[in-house]
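Novice: One predicted model, sequence on top.
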Amino acid sequence: MILIDGKKAAAELREKLKHEVTQLKAKYNKVPGLTVILIGDLTPSQIYVRNKEKSANEVGLKSEVIKYPDEVEEKTVLEKIEELNKDETVSGILVQLPLPKHIDKQKVIETILPSKDVDGFHPMNVGNLSSGYESSVPCTPLGCYLLIKKVEHNLNGKKAVIVGRSNLNGKPMTQLLLKENCTVTITHSKTKDLKAECLEADIIVAAVGIPELVKGDWVKKGTIVIDVGINKTDKGIVGDVDFNEVSKNAKALTPVPGGVGPMTIACLLKNTIECFKRSQI
Ligand code: GUN
């Protein structure tokens, strides 16, 4: 079984990006800039944002975090986004989710200029991705996609089963695998027989947030299994896949932690650089 080392893959990607930033700096005499907006004091969000900032600095991006208290008015956040949209030194804008209840997530997402939307959440980017046009691609599925491609370059005709239909993961993951000529099944909480669907798969991407949902006997021999889950349990952090059981059948499997997580952040840096490059044309 191949243990897919997301930490190593992310470090390699960051090294490549660092080199690219050096070249861009020489060519344009400026570097791509990422601005993250963090609202409130949810601990996981604070940790993510700190990691994002650290990684951005490591590859030589200009990085800025703007923090607001939980009770900040929606108008203040929207005005800040408008200001960042106009700021030429800002290539990418990310508003960390989840947001406090009184702030309309969709309004926030739609205020970010599509060309600066490093999350790929703006409807314009979602539409472009599904039409096969150039777009920002959400960082987590992009990270999963790059890990799958590391194990198997040619995905032509493979059967992929995605567990979870979220806008963040499941839906964009479908588009990326369709582009690679996979036959994609997207499953969810109302799917009749999830086990039977998974048993058909050459590739499984589990992104539902249910601890160890995907069992060993759900996976046929030789399947590539990508675990997007990060679930806090009494046993500590576990994924959506039963790692010990599934590792007996899978051809390749991502660990949690150290699988998809580090790649997500590296892909955010990649997206920021792509936004910068597109803005220079
Ligand atoms: N919160 C958890 N994951 C994400 C993500 O990919 N983007 C943003 N903006 N917030 C998140």
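Specialist: Now that the structure is in, tell me what you want to look at. This is a predicted model, so every value here is computed, not measured.
Novice: tell me which parts of the protein are close to the ligand?
Specialist: 94-97, 119, 139-140 (Cβ under 6 Å from any ligand atom). Bear in mind the C-beta positions are built from the backbone N, C-alpha and C, glycine included.
Novice: Need those in JSON lines (columns: neighbour count, pLDDT and secondary structure).
Specialist: Formatted as JSON lines, the residues of the chain next to the ligand follow (neighbours: other Cβ atoms under 10 Å; pLDDT from 0 to 100; DSSP: H, G, I helix; E, B strand; the rest coil):
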{"residue": "94", "neighbour count": "24", "pLDDT": "98", "secondary structure": "strand"}
{"residue": "95", "neighbour count": "23", "pLDDT": "98", "secondary structure": "strand"}
{"residue": "96", "neighbour count": "20", "pLDDT": "98", "secondary structure": "coil"}
{"residue": "97", "neighbour count": "15", "pLDDT": "96", "secondary structure": "coil"}
{"residue": "119", "neighbour count": "22", "pLDDT": "98", "secondary structure": "coil"}
{"residue": "139", "neighbour count": "25", "pLDDT": "98", "secondary structure": "helix"}
{"residue": "140", "neighbour count": "25", "pLDDT": "98", "secondary structure": "helix"}
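Novice: Could you point out the longest helix of the chain?
Specialist: Across the chain, the helix with the greatest residue count (assigned by DSSP state H) is helix 6-28.
Novice: after it, next one along is what?
Specialist: strand 33-39 (DSSP states H and E).
Novice: Enumerate every residue touching the residue nearest in space to the middle of the chain.
Specialist: The centroid of the chain falls nearest to residue 140 when counting by Cα atoms, centre = their mean (1.5 Å). Taking Cβ atoms under 8 Å, 6 or more residues apart in numbering as the criterion, residue 140 is in contact with 168-169, 207, 228, 260, 264, 267.
Novice: Ok, residue 36 next?
Specialist: 49, 52-53, 63-66, 94-96.
Novice: for residue 130, same thing?
Specialist: residue 175 are the contacts of residue 130 under Cβ under 8 Å, 6+ apart.
Novice: Kindly format the C-alpha coordinates of stretch 169-183 as CSV.
Specialist: The C-alpha coordinates for stretch 169-183 follow below in CSV (Å, rounded to 0.1, in the frame of the first residue of the first chain):
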residue,chain,number,x,y,z
ASN,A,169,-15.2,19.7,-1.9
GLY,A,170,-17.6,17.2,-3.5
LYS,A,171,-18.9,19.3,-6.4
PRO,A,172,-15.6,20.9,-7.6
MET,A,173,-13.9,17.5,-7.1
THR,A,174,-16.4,16.0,-9.6
GLN,A,175,-15.5,18.6,-12.2
LEU,A,176,-11.7,18.0,-11.8
LEU,A,177,-12.1,14.3,-12.2
LEU,A,178,-14.6,14.6,-15.1
LYS,A,179,-11.9,16.7,-16.9
GLU,A,180,-9.6,13.7,-16.5
ASN,A,181,-12.2,11.5,-18.2
CYS,A,182,-13.2,9.6,-15.0
THR,A,183,-16.8,8.3,-14.7
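Novice: picking that back up, what I need now is the contacts of residue 36 written out in TSV, including distance to residue 149 for each item.
Specialist: What follows is the contacts of residue 36, written out as TSV (distance: Cβ to Cβ, whole Å):
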residue	distance to residue 149
49	28
52	23
53	28
63	27
64	32
65	31
66	34
94	24
95	29
96	28
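Novice: So how do I select the buried members of those in ChimeraX?
Specialist: The buried residues among the contacts of residue 36 can be selected in ChimeraX (16 or more other Cβ atoms under 10 Å) with this line:
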select :49,52,53,63,64,65,94,95,96
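Novice: Narrow the contacts of residue 36 to those in helices?
Specialist: Counting by DSSP H, the part of the contacts of residue 36 found in helices is 49, 52-53.
Novice: Could you check how far the closest residue to the ligand within the stretch 51-200 of the chain is from residue 222?
Specialist: Of all residues in the stretch 51-200 of the chain, residue 97 sits closest to the ligand, at 3.6 Å by Cβ to the nearest ligand atom. For residue 97, the distance to residue 222 (Cβ to Cβ, to the nearest Å) stands at 36 Å.
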